[in-house]
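Chemist: let's see this in three dimensions:
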Amino acid sequence: MRQIVRQRLVGTLVLLALAVVFWPIIFVSPVTDQPIVLEPMPPRPKIDESPLPPPVSKRTVVESELPLPEVNEAAQLSADEATLLDGNDESTANDDLNLDSVPPALTLDPLENRTSAPVAVARDDNGFAKSWALQVATVSSVARADKLVQQLQAKGYEAFHQKLIRQEKPLWRVQIGPKLEQAKFKAIKAEVDKALNVDSRVVRYVQ
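Modeler: Numbering: from 1, shown residues only. Prediction:
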(Lines give C-alpha, C1' and ligand atoms only; values in the text may rest on other atoms or scores of the structure.)
Protein backbone atom coordinates (compact mmCIF):
# COMPACT_ATOMS: atom_id res chain seq x y z
CA MET A 1 0.00 0.00 0.00
CA ARG A 2 2.78 2.40 0.93
CA GLN A 3 4.61 1.65 -2.30
CA ILE A 4 1.52 2.55 -4.36
CA VAL A 5 1.14 5.84 -2.46
CA ARG A 6 4.81 6.60 -2.99
CA GLN A 7 4.54 5.93 -6.71
CA ARG A 8 1.48 8.19 -6.99
CA LEU A 9 3.29 10.97 -5.14
CA VAL A 10 6.27 10.66 -7.44
CA GLY A 11 3.99 10.67 -10.47
CA THR A 12 2.20 13.76 -9.15
CA LEU A 13 5.50 15.60 -8.64
CA VAL A 14 6.61 14.70 -12.18
CA LEU A 15 3.35 16.03 -13.60
CA LEU A 16 3.70 19.26 -11.60
CA ALA A 17 7.26 19.73 -12.87
CA LEU A 18 6.15 19.18 -16.45
CA ALA A 19 3.30 21.62 -15.93
CA VAL A 20 5.68 24.26 -14.63
CA VAL A 21 7.93 23.78 -17.64
CA PHE A 22 5.33 23.61 -20.41
CA TRP A 23 2.66 25.99 -19.00
CA PRO A 24 4.38 29.17 -20.25
CA ILE A 25 5.06 27.56 -23.62
CA ILE A 26 1.43 26.48 -24.18
CA PHE A 27 -0.68 29.12 -22.48
CA VAL A 28 1.46 32.26 -22.22
CA SER A 29 1.61 34.47 -25.30
CA PRO A 30 5.19 35.15 -26.46
CA VAL A 31 6.53 38.65 -25.91
CA THR A 32 6.92 40.49 -29.18
CA ASP A 33 10.09 42.59 -29.27
CA GLN A 34 9.61 46.18 -30.22
CA PRO A 35 11.06 46.98 -33.64
CA ILE A 36 14.40 48.80 -33.63
CA VAL A 37 14.01 52.35 -34.81
CA LEU A 38 17.19 54.01 -36.05
CA GLU A 39 17.30 57.67 -35.23
CA PRO A 40 18.65 59.94 -37.93
CA MET A 41 22.34 60.79 -37.66
CA PRO A 42 22.87 64.08 -35.86
CA PRO A 43 24.44 66.88 -37.89
CA ARG A 44 28.21 67.05 -37.96
CA PRO A 45 29.53 69.35 -35.27
CA LYS A 46 31.18 72.53 -36.42
CA ILE A 47 34.92 72.48 -35.87
CA ASP A 48 37.11 75.53 -35.95
CA GLU A 49 39.79 74.59 -38.48
CA SER A 50 41.53 77.94 -38.58
CA PRO A 51 45.34 77.53 -38.28
CA LEU A 52 46.79 77.90 -34.82
CA PRO A 53 49.54 80.43 -34.25
CA PRO A 54 52.98 78.95 -33.66
CA PRO A 55 53.80 78.43 -29.98
CA VAL A 56 55.80 81.15 -28.34
CA SER A 57 59.28 79.85 -27.59
CA LYS A 58 61.43 81.40 -24.91
CA ARG A 59 64.54 79.73 -26.33
CA THR A 60 65.72 82.68 -28.40
CA VAL A 61 65.27 85.01 -25.44
CA VAL A 62 67.09 82.68 -23.06
CA GLU A 63 69.91 81.91 -25.49
CA SER A 64 70.61 85.59 -26.01
CA GLU A 65 71.11 85.99 -22.26
CA LEU A 66 73.36 82.94 -21.81
CA PRO A 67 77.14 83.37 -21.94
CA LEU A 68 78.98 81.75 -24.84
CA PRO A 69 82.10 79.58 -24.67
CA GLU A 70 85.31 81.53 -24.98
CA VAL A 71 86.75 81.09 -28.47
CA ASN A 72 90.07 82.44 -29.72
CA GLU A 73 88.85 84.05 -32.93
CA ALA A 74 92.38 84.66 -34.20
CA ALA A 75 93.31 81.00 -33.74
CA GLN A 76 90.09 79.90 -35.43
CA LEU A 77 90.70 82.21 -38.40
CA SER A 78 94.22 80.84 -38.71
CA ALA A 79 92.83 77.29 -38.69
CA ASP A 80 90.35 78.19 -41.45
CA GLU A 81 93.15 79.50 -43.64
CA ALA A 82 95.51 76.60 -42.89
CA THR A 83 92.88 73.99 -43.79
CA LEU A 84 91.29 75.72 -46.80
CA LEU A 85 91.16 73.29 -49.74
CA ASP A 86 91.59 74.55 -53.31
CA GLY A 87 88.86 74.05 -55.90
CA ASN A 88 86.03 74.25 -53.35
CA ASP A 89 83.11 74.29 -55.76
CA GLU A 90 80.33 71.87 -56.60
CA SER A 91 82.17 70.60 -59.70
CA THR A 92 84.97 69.19 -57.54
CA ALA A 93 82.69 67.70 -54.91
CA ASN A 94 83.32 64.19 -56.19
CA ASP A 95 87.10 64.55 -56.61
CA ASP A 96 89.31 62.00 -54.91
CA LEU A 97 90.21 63.52 -51.55
CA ASN A 98 92.83 60.84 -50.88
CA LEU A 99 91.50 59.87 -47.46
CA ASP A 100 92.06 56.18 -48.20
CA SER A 101 95.57 56.53 -46.78
CA VAL A 102 94.28 57.66 -43.37
CA PRO A 103 94.37 54.68 -40.96
CA PRO A 104 91.25 53.69 -39.00
CA ALA A 105 90.59 55.60 -35.79
CA LEU A 106 91.32 52.63 -33.52
CA THR A 107 94.76 52.33 -35.10
CA LEU A 108 95.78 55.87 -34.17
CA ASP A 109 93.80 56.15 -30.93
CA PRO A 110 93.44 52.58 -29.60
CA LEU A 111 91.46 51.68 -26.52
CA GLU A 112 93.97 50.78 -23.82
CA ASN A 113 94.42 50.91 -20.09
CA ARG A 114 95.82 54.19 -18.89
CA THR A 115 99.06 54.32 -16.97
CA SER A 116 98.43 57.88 -15.77
CA ALA A 117 95.47 59.86 -14.55
CA PRO A 118 93.56 61.82 -17.20
CA VAL A 119 94.06 65.54 -17.37
CA ALA A 120 91.54 67.42 -15.26
CA VAL A 121 88.86 69.11 -17.34
CA ALA A 122 89.60 72.81 -17.56
CA ARG A 123 86.81 75.37 -17.64
CA ASP A 124 86.69 78.87 -19.01
CA ASP A 125 85.49 81.94 -17.17
CA ASN A 126 81.89 81.22 -18.20
CA GLY A 127 81.98 77.71 -16.74
CA PHE A 128 82.12 75.80 -20.03
CA ALA A 129 84.34 72.73 -20.19
CA LYS A 130 87.27 73.21 -22.54
CA SER A 131 86.95 70.47 -25.13
CA TRP A 132 88.81 70.40 -28.41
CA ALA A 133 88.33 69.48 -32.05
CA LEU A 134 90.78 68.87 -34.87
CA GLN A 135 89.88 71.03 -37.87
CA VAL A 136 90.95 69.05 -40.92
CA ALA A 137 89.42 71.03 -43.78
CA THR A 138 87.55 74.19 -44.72
CA VAL A 139 85.48 74.02 -47.90
CA SER A 140 82.89 76.18 -49.62
CA SER A 141 80.79 73.24 -50.84
CA VAL A 142 78.42 71.39 -48.52
CA ALA A 143 78.62 68.40 -50.85
CA ARG A 144 82.37 68.21 -50.40
CA ALA A 145 82.03 68.70 -46.65
CA ASP A 146 79.52 65.84 -46.51
CA LYS A 147 81.87 63.59 -48.47
CA LEU A 148 84.79 64.31 -46.15
CA VAL A 149 82.65 63.65 -43.08
CA GLN A 150 81.32 60.39 -44.51
CA GLN A 151 84.80 59.15 -45.38
CA LEU A 152 86.14 59.97 -41.92
CA GLN A 153 83.14 58.42 -40.18
CA ALA A 154 83.58 55.26 -42.24
CA LYS A 155 87.04 54.93 -40.66
CA GLY A 156 85.63 55.37 -37.16
CA TYR A 157 86.34 59.07 -36.60
CA GLU A 158 83.75 61.27 -34.90
CA ALA A 159 83.65 63.77 -37.74
CA PHE A 160 81.16 66.56 -38.40
CA HIS A 161 80.94 69.88 -40.22
CA GLN A 162 79.78 73.34 -39.17
CA LYS A 163 78.63 76.16 -41.41
CA LEU A 164 79.93 79.71 -41.12
CA ILE A 165 79.72 82.91 -43.12
CA ARG A 166 83.01 84.57 -44.04
CA GLN A 167 82.91 87.77 -46.11
CA GLU A 168 79.29 87.05 -47.06
CA LYS A 169 80.26 83.61 -48.42
CA PRO A 170 79.30 80.29 -46.82
CA LEU A 171 82.04 77.96 -45.66
CA TRP A 172 81.97 74.59 -43.92
CA ARG A 173 84.51 73.53 -41.31
CA VAL A 174 85.17 69.79 -41.20
CA GLN A 175 86.29 68.74 -37.74
CA ILE A 176 87.02 65.59 -35.71
CA GLY A 177 86.11 65.45 -32.04
CA PRO A 178 85.43 66.60 -29.50
CA LYS A 179 88.09 65.36 -27.09
CA LEU A 180 89.09 66.64 -23.66
CA GLU A 181 92.83 66.14 -24.28
CA GLN A 182 94.59 67.83 -27.17
CA ALA A 183 97.29 65.14 -27.16
CA LYS A 184 94.72 62.65 -28.51
CA PHE A 185 94.88 64.45 -31.88
CA LYS A 186 98.65 64.22 -32.39
CA ALA A 187 98.72 60.99 -34.39
CA ILE A 188 95.52 61.84 -36.27
CA LYS A 189 96.84 65.25 -37.31
CA ALA A 190 99.96 63.79 -38.92
CA GLU A 191 97.96 61.39 -41.09
CA VAL A 192 95.30 63.93 -42.08
CA ASP A 193 97.89 66.56 -43.01
CA LYS A 194 99.66 64.08 -45.26
CA ALA A 195 96.42 62.91 -46.91
CA LEU A 196 94.81 66.30 -47.53
CA ASN A 197 98.00 68.41 -47.80
CA VAL A 198 96.78 70.81 -45.10
CA ASP A 199 97.99 72.01 -41.72
CA SER A 200 95.14 70.79 -39.51
CA ARG A 201 94.70 72.67 -36.25
CA VAL A 202 93.34 71.85 -32.81
CA VAL A 203 90.67 74.45 -31.99
CA ARG A 204 88.18 75.01 -29.24
CA TYR A 205 85.10 72.86 -29.77
CA VAL A 206 81.88 74.84 -29.99
CA GLN A 207 78.61 72.93 -30.20
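
Chemist: report all helices and strands that the lengthiest strand in the chain contacts.
Modeler: Determined from DSSP state E, the single longest strand within the chain is strand 169-179. Helices and strands touching strand 169-179, by 3 or more C-beta pairs under 8 Å, 6 or more residues apart in numbering; DSSP states H and E, are helix 73-82, strand 132-139, helix 142-154, strand 159-166. To be clear about C-beta, it is placed using only N, CA and C from the backbone, and glycine gets the same treatment.

Chemist: if you set the cut-off to 7 Å instead, what comes out?
Modeler: Under the contact definition 3 or more C-beta pairs under 7 Å, 6 or more residues apart in numbering; DSSP states H and E, strand 169-179 sits against strand 132-139, helix 142-154, strand 159-166.

Chemist: just for the chain, where's the confidence low?
Modeler: Where the chain drops to pLDDT under 70, the residues are 1, 27-31, 86-97.

Chemist: can you show me the helices along it?
Modeler: Along the chain, the stretches classed as helices by DSSP state H are 2-27, 59-65, 73-82, 105-108, 142-154, 186-196.

Chemist: tell me which residue is most central in this protein.
Modeler: Nearest to the geometric centre of the chain sits residue 160, at 15.5 Å (C-alpha atoms, centre = their mean).

Chemist: the longest strand of the chain pairs with which strands, parallel or anti?
Modeler: strand 132-139 (antiparallel), strand 159-166 (antiparallel) (DSSP bridges).

Chemist: now these in a markdown table, with distance to residue 22?
Modeler: As requested, those are exported to a markdown table (distance: least, C-beta to C-beta, whole Å):
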| stretch | distance to residue 22 |
| --- | --- |
| strand 132-139 | 96 |
| strand 159-166 | 89 |
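
Chemist: out of the ones you listed, which one sits most buried?
Modeler: strand 132-139 (a mean of 25; mean count of other C-beta atoms under 10 Å).

Chemist: next, the angle helix 142-154 makes with it.
Modeler: With axes from the mean of the first three to the mean of the last three C-alpha atoms, to 10 degrees defining the directions, strand 132-139 sits at 140 degrees from helix 142-154.

Chemist: neighbours around residue 173, how many?
Modeler: Neighbours of residue 173 under the rule other C-beta atoms under 10 Å: 21.

Chemist: how about the one 4 residues further on?
Modeler: Here the number of neighbours of residue 177 (other C-beta under 10 Å) works out to 21.
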